[in-house]
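K.L.:
take a look and give me a structure for this.
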Amino acid sequence: MKKDRKKQNLLPVRVVKRLWMGLCVLWLPCVLSARDTLAGGKSLEGLHLVGRGQEKAVLLRWAAGDYDLWMAAMQRGFVLERYAFDTARLSSALAYSDSVPPPVRQLIRIPPFLAMDTASLARMAMEDDYAALLGEAVFSSEIQFTLGNDESGNSPWKAISESLQEKMVRFTLANLAYDRSFPVACLGTMGYKDTTVQSDSYYLYRVYVDSSFDGNDTAIYFSRFENFAMVPPLQVLDAEYGDGMVELTWRDRFESCMFTGYYIERAEGDNPKPDDYVRLNDVPYTSLQERSGDGMVYRDSLPSNNQKYVYRLLGRDLFGQEIVVAESRAGQGKDLLRAIPRIDSVYALNSRNLAVAWSFSAEQEPCVEKMELYVTHSPYQKPGAEHLVQGEISKRERQIFLIEISDLESYSSYFYLRAVGKHGESVFSLPFFYQMVDSLPPAIPVGLAYAVDGNGRMRLSWQASPEKDLAGYRVFLSNSKDGEPVQLTSSVLEDTVFLDTLSLKTAQYFYYRVTAEDRTGNMSDFSEALAVKNLRPQKPAPALFALQHCHRHPAGVELAWYHGKSPYLKGFRLYHKSDTAKWVAIADFPLPASGELADTASFSFEYPSSTLPGLQLFNIVAYGEGVLDTAHAPFMFSAQYMPSVKLPVLDLFADREKRFVQVEWKNPDDKCVKRVYLYRASETEPLRLLVALDGQQESRQVHVDANVKMNTYYRYCLQMEFSDGSWSEYTKLYGIEY
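P.N.:
Model (predicted):
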């Protein structure tokens with residue numbers, strides 16, 4: 001029996017049984033599409049075949065996996081093998097015997113496309129644009145895009161040709177024509193409609209190029225009487241509505257192997273009927289370019305924002321059949337703000353209040369939730385929450401009153417009006433500049449007081465003015481209460497303290513007055529005259545001396561100074577204190593019996609036995625015959641000694657174009673620097689601390705001083721604090737002209 005079965009070309013029972021188990025399922029492998037050809041490395045080799053059974057026919061579509069196989073098929077044609085299985089005979093054989101009747105084999109030869117008469121293609125192109133596209137892809141010497149040209153003559157396929165070679169462009173466009181039109185696929189030898197099928201048979205198809213090519217064939221099994229197609233479950237079509245538009249998004253990861261494109265349809269109302277939908281695109285919508293995700297996007301312009309719309313998505317398969325795959329929920333457009341408010345005027349109602357008037361489109365009022373008013377004091381400030389003056393203004397208002405001038409930080413202000421929409425959007429008006437006319441002088445200064453020492457140094461003070469637009473103060477002096485005041489300050493004084501020196505040759509009264517001045521130049525009246533009397537001491541204090549240097553050593557401290565030329569000087573006294581203790585005199589250095597002093601003097605002293613770890617302060621004073629002393633500022637040392645280190649050299653560089661002075665130095669390699677204190681002096685400023693910086697060990701350290709003025713000579717020095725608690729000496733002063 002087995003031998004006879006082989007001679008009769010019978011199929012084995014196990015093969016027939018396997019086919020029998022698959023009768024209830026229709027296998028639809030993916031046919032290579034235009035998107036696959038664009039994917040390059042994702043293309044599949046060989047031929048790929050799909051099919052679909054209808055009531056009286058079987059539809060077949062196949063595609064080549066690469067350009068070479070496709071061109072070979074165009075030149076040689078295809079062979080389609082069909083195997084027909086009789087249903088009754090197959091069922092009885094499976095039930096009662098070990099063999100089955102052989103299928104009826106039929107060869108269908110499909111001639112090469114390049115050998116066909118192109119007249120039929122030309123006739124089809126008159127009604128089907130994809131036939132013209134196939135003709136250009138195969139026959140044109142140069143690719144001329146005629147499908148989908150816009151008014152400018154530019155083709156939507158132009159971008160494809162710029163990134164692909166000519167062969168791939170032809171291959172891609174041909175597959176696009178096959179996908180979009182089943183009749184074009186049949187005419188182009190990439191599809192076939194078998195109308196010779198019988199209802200009592202099953203069919204197995206196999207297609208291959210009419211030549212010897214390895215791996216170029218495939219097969220598909222069909223049930224004659226079953227018209228079954230895998231339809232994806234209906235999904236929700238995401239619709240994001242905006243102002244006059246909607247953005248539709250959907251996933252096509254699983255449907256892309258079934259559909260060559262999509263139709264988008266729109267209907268009005270909440271629950272439209274199938275006949276209410278209107279198709280928006282004549283050409284199936286698809287993406288011919290690679291995408292990072294599995295979603296597609298389509299944007300539509302809404303006829304009206306006041307009407308609800310529903311969208312649905314129809315997929316179009318290789319055989320031209322359409323299936324509804326997604327529907328959207330009903331939604332409508334959003335009337336977003338399109339008009340910008342405009343501030344027309346800002347004017348003073350009285351000496352303390354302002355009013356703001358503006359204009360805004362009445363047609364846009366339904367889109368507005370509220371108005372907000374902002375005030376900034378610089379054209380470069382972006383209005384923020386801290387600049388909000390009024391946050392709940394009705395959209396029907398066109399002006400606002402009673403803005404307190406005292407609430408404004410400056411008399412020069414920039415007003416903004418913000419319209420806030422119902423959907424959270426907002427727009428700002430252009431800034432409106434307003435400068436208030438200020439003719440009101442500030443309040444008269446009060447609380448004048450003074451303190452004067454026996455050397456004629458006087459300290460005048462007064463209470464600060466509460467005015468927000470205050471620029472400063474001016475100080476005046478007269479020799480009598482009713483005399484003409486003479487201004488002592490050359491410019492506006494921002495501080496509430498003024499230092500002056502009284503003549504020691506007279507003990508008469510001097511009368512001081514102070515005025516306040518605002519930013520617009522308004523000046524207050526004179527304050528009450530303050531009578532100041534110089535208190536001449538019987539024994540003046542000696543003149544102030546100048547410190548030359550102060551060195552810390554492991555065993556003690558050495559001080560050196562320049563003597564002051566004072567006839568009242570009797571000697572010097574050294575004081576010491578710790579962080580919390582009181583000043584204690586630890587040494588007295590009277591003048592020599594001769595009374596003669598050199599220009600400079602110095603002395604050294606050891607720490608007292610009571611010195612504790614921590615910050616130590618030393619002070620030296622010059623005393624005379626009177627009760628007053630002349631003291632230098634205290635000198636501070638830590639409990640550890642000042643190590644001997646090589647002081648750095650300061651490199652200075654002035655950039656006059658970018659307006660800064662750069663100070664650069666190198667920290668010592670053998671000491672761990674904790675902090676660096678940089679000092680600066682100028683022709684008009686004494687030496688004072690400029691900045692404290694964290695130390696750096698691995699490289700040179702740089703500081704950029706941007707607070708500099710042109711045509712000024714600056715001098716810099718620094719002192720280092722080390723990690724072990726010790727300090728370096730001050731470097732010498734380095735100068736540069738900026």
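K.L.:
what secondary structure does L176 sit in?
P.N.:
helix (DSSP: H, G, I helix; E, B strand; the rest coil).
K.L.:
state the number of residues packed around it.
P.N.:
For L176, the tally of surrounding residues (other Cβ atoms under 10 Å) stands at 26. To be clear about C-beta, it is placed using only N, CA and C from the backbone, and glycine gets the same treatment.
K.L.:
could you work out the end-to-end span of stretch 373-388 for me?
P.N.:
In stretch 373-388, first residue to last residue: 6 Å (Cα to Cα, to the nearest Å).
K.L.:
pLDDT weak spots in the stretch 301-450 of the chain?
P.N.:
Regions of the stretch 301-450 of the chain meeting the criterion pLDDT under 70 cover residues 351, 402, 405-411, 437-438.
K.L.:
quick one, strands of it?
P.N.:
Residue ranges of the strands in the stretch 301-450 of the chain, as given by DSSP state E, counting those that start in this stretch, are 309-317, 322-327, 342-348, 353-359, 368-376, 388-393, 399-404, 412-421, 426-428, 432-435, 449-452.
K.L.:
what is the second one packed up against?
P.N.:
What that stands for is strand 322-327. In terms of contacts (3 or more Cβ pairs under 8 Å, 6 or more residues apart in numbering; DSSP states H and E), strand 322-327 is packed against strand 235-236, strand 259-268, strand 309-317.
K.L.:
neighbouring contacts of the second one?
P.N.:
The contact list for strand 259-268 (Cβ atoms under 8 Å, 6 or more residues apart in numbering) reads 33, 179-180, 248, 252, 273, 276-281, 283-286, 296, 298, 300, 307-318, 322-323, 325.
K.L.:
over to stretch 316-324?
P.N.:
In this structure, residues lying in contact with stretch 316-324 by Cβ under 8 Å, 6+ apart are 31, 50, 52, 59, 61, 179, 181-182, 185, 229, 231, 234, 258-263, 284, 312-315.
K.L.:
can you give me how far that stretch is from the chain middle?
P.N.:
Chain-centre distance of stretch 316-324: 45 Å, with Cα atoms, centre = their mean, to the nearest Å.
K.L.:
equivalent analysis for stretch 464-472, please.
P.N.:
Distance of stretch 464-472 from its chain centroid, counting by Cα atoms, centre = their mean, is 40 Å.
K.L.:
ends of it, how far apart?
P.N.:
End-to-end distance (Cα to Cα), stretch 464-472: 9 Å.
K.L.:
just the mean pLDDT for that stretch, thanks.
P.N.:
The pLDDT scores in stretch 464-472 average 85.
K.L.:
and the strands in the stretch 451-600 of the chain?
P.N.:
Under DSSP E, counting those that start in this stretch, the stretch 451-600 of the chain gives strands at 457-461, 470-478, 486-487, 497-501, 509-518, 530-533, 546-552, 556-562, 571-577, 584-590, 600-606.
K.L.:
shaky segments in the stretch 501-650 of the chain?
P.N.:
Low-confidence segments of the stretch 501-650 of the chain (pLDDT under 70): 504-507, 535-556, 561-568, 578-581, 595, 597-599, 607-616, 625-644.
K.L.:
go with 50
P.N.:
Along the stretch 501-650 of the chain, the model assigns pLDDT under 50 to residues 538, 639-640.
K.L.:
ok, how many other residues are close to the nearest residue to Y734 once chain neighbours are set aside?
P.N.:
Sequence neighbours aside, L650 is the residue nearest to Y734 in space, at 4.2 Å (criterion: Cβ to Cβ, 6 or more residues apart in numbering). Close neighbours of L650, defined as other Cβ under 10 Å, add up to 20.
K.L.:
grab the nearest non-local neighbour of I403.
P.N.:
Closest to I403 by Cβ to Cβ, 6+ apart is L354, at 4.3 Å.
K.L.:
repeat for V325
P.N.:
G315 (4.7 Å).
K.L.:
which strand residues bridge that neighbour?
P.N.:
Beta-bridge pairing for G315 (DSSP bridges): Y262, I323.
K.L.:
who are the contact partners of it?
P.N.:
Neighbour list for G315: P232, E255, M258, F259, G261, Y262, E322, I323, V324, V325 [criterion: Cβ under 8 Å, 6+ apart].
K.L.:
ignoring the adjacent residues along the chain, who's closest to the residue nearest the centre of the chain?
P.N.:
With distances taken as Cα atoms, centre = their mean, the chain has K382 as the residue nearest its mean C-alpha position (16.5 Å). For K382, ignoring the flanking residues on the chain, the nearest one in space by Cβ to Cβ, 6+ apart is T376 at 7.8 Å.
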